[in-house]
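J.: predicted model and sequence follow; I will ask about them next.
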Amino acid sequence: MIFDSHTHLNAEQFNDDIPETLQRAQELGVTEMAVVGFDTPTIEKSLVLSQEYANIFSIIGWHPTEAGSYNKEIEDKLQEQLTSPKVVALGEIGLDYYWMEDPKDVQEKVFRRQIAIAKEMHLPISIHTRDAIEDTYRILKDEGVKDIGGIMHSFSGSGEWAERFLDLGMHISFSGVVTFKKALDVQEAARLVPLDRLLVETDAPYLAPVPYRGKRNEPGYTRYVVEKIAELREMPFEEVATLTRENAHRLFGITQ
């Protein structure tokens, strides 16, 4: 019923209990998910998981905090991996000025290069932006991403910023942050995003929603994100669950 559009079931926090985690997700109504790989080990694990489980899909790309290690060898390998039949998007890519592992110009170069690859391969993109929303917007606008579309993953901006990214053809995905009491800007955005551009996610094992805030997040907890958005929009839970799943299928080109 529910599609978790961004999870890291490939993270070491899940090394010991993937089958149990998936069973709990099923019990909470989370029946499909996209596992995101962002460096060599996590990309490989995402691809393995998507081959092993029918309800898991892969999103793979080179994270901005890894931008300094991006080179032709990595790019060639990434382009090969992107042809895997269960890969549905390129990501997560973008800018991270919080950790600033690499200079802004290095991050921007790698970001733009991966957008170009996504365009060549006709894949949507999943965007990571932290303390860099203005530059992220500028680059996406410059690159004309409406041709491929994509996701503003774990959106943490205001309603105004949501509208600007929507104008670029992006979808907006909400994580457990939308359940936080003080996340009023994010809640405002969740009320106004058009229903056909709305997605939900966990970003597990990070950003666990209320009532599990501060604990290990897991894909099943997407349910609580759906519940909060349904509450904010005064809609039935089942309707939000269904339409966000349909949106994910349409964006990712999933026909099953």
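T.: Structure's in. What do you need? Numbering: from 1, shown residues only.

J.: ok but Met100 is inside a helix, no?
T.: No: read with DSSP: H, G, I helix; E, B strand; the rest coil, Met100 is coil and lies in no helix.

J.: burial measure for it, as a count.
T.: Applying other Cβ atoms under 10 Å, we find 15 residues neighbouring Met100. Yep, even glycine has a C-beta here, placed from its N, CA and C like the rest.

J.: before we move on, what about Met121?
T.: Other residues near Met121 come to 13 when the count uses other Cβ under 10 Å.

J.: with the one 3 residues further on instead?
T.: Pro124: 21 surrounding residues under other Cβ under 10 Å.

J.: pretty sure it is touching His153, no?
T.: No: counting by Cβ atoms under 8 Å, Pro124 sits too far from His153 to count as a contact (11.3 Å).

J.: show me where the protein has strands.
T.: 2-7, 30-37, 56-60, 87-96, 125-130, 150-152, 170-174, 198-200 (DSSP state E).

J.: just put those strands in CSV and tack on distance to Gln107.
T.: Output for these, formatted as CSV (distance: least, Cβ to Cβ, whole Å):
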stretch, distance to Gln107
strand 2-7, 20
strand 30-37, 18
strand 56-60, 18
strand 87-96, 5
strand 125-130, 10
strand 150-152, 17
strand 170-174, 19
strand 198-200, 24
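
J.: Glu234: which of the ones you listed is closest?
T.: Closest to Glu234 of the strands of the chain, according to Cβ to Cβ: strand 198-200, at 14.4 Å.

J.: low-confidence regions, the stretch 151-256 of the chain specifically.
T.: Counting by pLDDT under 70, the stretch 151-256 of the chain shows no low-confidence range.

J.: which residues in it form helices?
T.: 159-167, 184-192, 222-233, 237-252 (DSSP state H, counting those that start in this stretch).

J.: buried residues, the third one. List them.
T.: For helix 222-233, the neighbour count (16 or more other Cβ atoms under 10 Å) marks Thr222, Arg223, Tyr224, Val225, Val226, Glu227, Lys228, Ile229, Ala230, Leu232, Arg233 as buried.

J.: so what secondary structure elements neighbour it?
T.: Contact here means 3 or more Cβ pairs under 8 Å, 6 or more residues apart in numbering; DSSP states H and E; on that basis helix 222-233 packs against strand 2-7, strand 30-37, helix 184-192, strand 198-200, helix 237-252.
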